[in-house]
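Visitor: have a look; sequence and predicted model below, questions after that.
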Amino acid sequence: MPPRAFATQVVQLGKETTPGTPVAANTRLQAMRIMPKPTFESERFAPSGYTAPTVSIPLQEWTEADVEGRATYTDADPVFAGAIGKPVVTTPSGGTLARQRVYTFDGVTPANPEIYTVEYGDTTLSRRFSHGMFNGLSMSIARDSLEFNSAMIARNVETNVSLSGNEVQTVTLTGATGGTFTLTFGGQTTANIAYNATAAAVATALAALTSIGTGNVAVTGAAGGPYVITFQGTLGNTDVALLTASGALLTGTTPTVVPTETTKGGFTLITPVPIAAGQWDIYVDDSAANLGTTKFLEAYEAEFELAERFEPTWTINSALPSFTSYVEKSAEDQEHTGTLNVGASTSMESYLTTMRTGAKKFVRLQAIGPIIEGAITHKLTIDMCVFITGTPGYDDLNGLLVLPFEFQVGRDEVWGKALTVTTVNGIAT
């Protein structure tokens, strides 16, 4: 195998219907890198009288993945859906292409995260894992930098898999006891194929067509079919035309040969719409009713971290090579925190009183981007109820005297929430 470039590796994911059952990962992200890392727990055993172990015993295996990328209006939705929970999706008023998604963490309702099959690699070689869960996220905002990161846990990684996106068609013969049939693709028709031909013979006949070519189809199945035909190579990742067939020379009892589409080719490419540092605003108010009213003009840096919320569960079951499911961690084990680095001033000193009294503040981090349609713009809004929990004291930020304030997200009973994330973009599904 020739050397493979790091830059050409891609990420694709698909929403699982049944957690842990892999699905076609037909959505390709371009602003996020998810690199699966097999992770093991094992122990070594040394027999009595030995001073070195002779056996390594595997105990647990799962997958971890660092998620790194550029903050965009378009690629973060899977992270929010996994780390916070499935969104409420609507079409903004006056829109047809735009979608608004609201992700809510209220600190009471059991988590309902989106779970994914993820593929990472290229057309040569890829890895795949199922039951993929985005477990936490972090953001850092400043005028000279933006960072957006997450992490995933998943079941055992599979190696040597092909990226989803290749079209699969099935050719089925019925009632044939002799004779031949032909297949046509792209205006080219194969030589006659025996009714009981092997999969290899069908592959050879298709590859001989100039509209297909060598290496661009793979055929599996028993002699006589059904034949499962996968389009790959230069025809991979494409929604190709359906094969047509002629069974005029078949013999038997009403013989037929019928191609059907098993898996549509191609993938949905998410085109990144980057968030510029200058598009962010911060608001701080005293009640949820006034969220987004008072623009906070003295912040120089903002950091927010949604901590890991999920813990895998491991049942005693030899049929399961990895974890079974997940549970949500307790409030003490999933503290969601952040920091506002603000210019030192008299008004900022009042936040010490807020901390001393345990009063709540309501913080909005909001970025507004380019127009999607009409007057509807790309938008990312993070609303939080927070407690001021500490201040490390004055600090030097590039020569500026700043006062960092640390906060923790908490539930407000009047608002009925702890945190919401709202995205508006042109991603349909």
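Guide: Cool, got the structure.
Visitor: is the residue nearest to residue 113 when sequence neighbours are not counted in a helix, a strand, or coil?
Guide: Once its chain neighbours are removed from consideration, residue 113 has its nearest residue in residue 82; the separation is 5.0 Å (C-beta to C-beta, 6 or more residues apart in numbering). (Each C-beta comes from the backbone N, C-alpha and C, glycine too.) Classification of residue 82 by DSSP: H, G, I helix; E, B strand; the rest coil places it in helix.
Visitor: what is the burial count for the nearest residue to residue 428 once chain neighbours are set aside?
Guide: By the measure of C-beta to C-beta, 6+ apart, the closest residue to residue 428 outside its immediate chain neighbours is residue 99, 6.5 Å from it. The tally of other residues near residue 99 (other C-beta atoms under 10 Å) stands at 20.
Visitor: what residues does residue 99 make contact with?
Guide: The neighbours of residue 99, taking C-beta atoms under 8 Å, 6 or more residues apart in numbering as the test, are 89, 90, 91, 92, 424, 425, 426, 427, 428.
Visitor: what about 10 Å?
Guide: Under the criterion of C-beta atoms under 10 Å, 6 or more residues apart in numbering, the contact list for residue 99 reads 77, 87, 89-92, 372, 376, 423-429.
Visitor: would you list the buried entries among those?
Guide: Among the contacts of residue 99, those classed as buried by neighbour count (16 or more other C-beta atoms under 10 Å) are 77, 87, 92, 372, 376, 423, 424, 425, 426, 427.
Visitor: hang on, the third one in a helix?
Guide: No: when classified by three-state DSSP, residue 92 is found to be coil rather than part of a helix.
Visitor: contacting residues around it?
Guide: Under the criterion of C-beta under 10 Å, 6+ apart, the contact partners of residue 92 comprise 98, 99, 100, 372, 373, 374, 375, 376, 377, 379, 424.
Visitor: what do you get if the cut-off is 6 Å, keeping everything else the same?
Guide: Neighbouring residues of residue 92 by C-beta atoms under 6 Å, 6 or more residues apart in numbering: 98, 100, 376.
Visitor: show residues contacting stretch 384-400.
Guide: Residues beyond stretch 384-400 that count as contacts (C-beta under 6 Å, 6+ apart) turn out to be 300, 344, 351, 354-355, 360-363, 401-410, 412, 418-419.
Visitor: if we go to 7 Å?
Guide: Taking C-beta atoms under 7 Å, 6 or more residues apart in numbering as the criterion, the residues outside stretch 384-400 that touch it are 288, 300, 341, 343-344, 351, 354-355, 358, 360-363, 401-412, 415, 417-419.
Visitor: drop anything exposed from the residues you listed.
Guide: Among the contacts of stretch 384-400, those buried by neighbour count (16+ other C-beta under 10 Å) are 288, 300, 341, 351, 354-355, 360-363, 402-412, 415, 417-419.
Visitor: where along this protein do the helices fall?
Guide: In the chain, the segments counted as helices under DSSP state H are 77-83, 199-207, 346-357.
Visitor: same list (those) but as a markdown table, adding mean pLDDT and distance to residue 58.
Guide: Formatted as a markdown table, those follow (pLDDT from 0 to 100; distance: least, C-beta to C-beta, whole Å):
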| stretch | mean pLDDT | distance to residue 58 |
| --- | --- | --- |
| helix 77-83 | 96 | 27 |
| helix 199-207 | 96 | 36 |
| helix 346-357 | 79 | 48 |
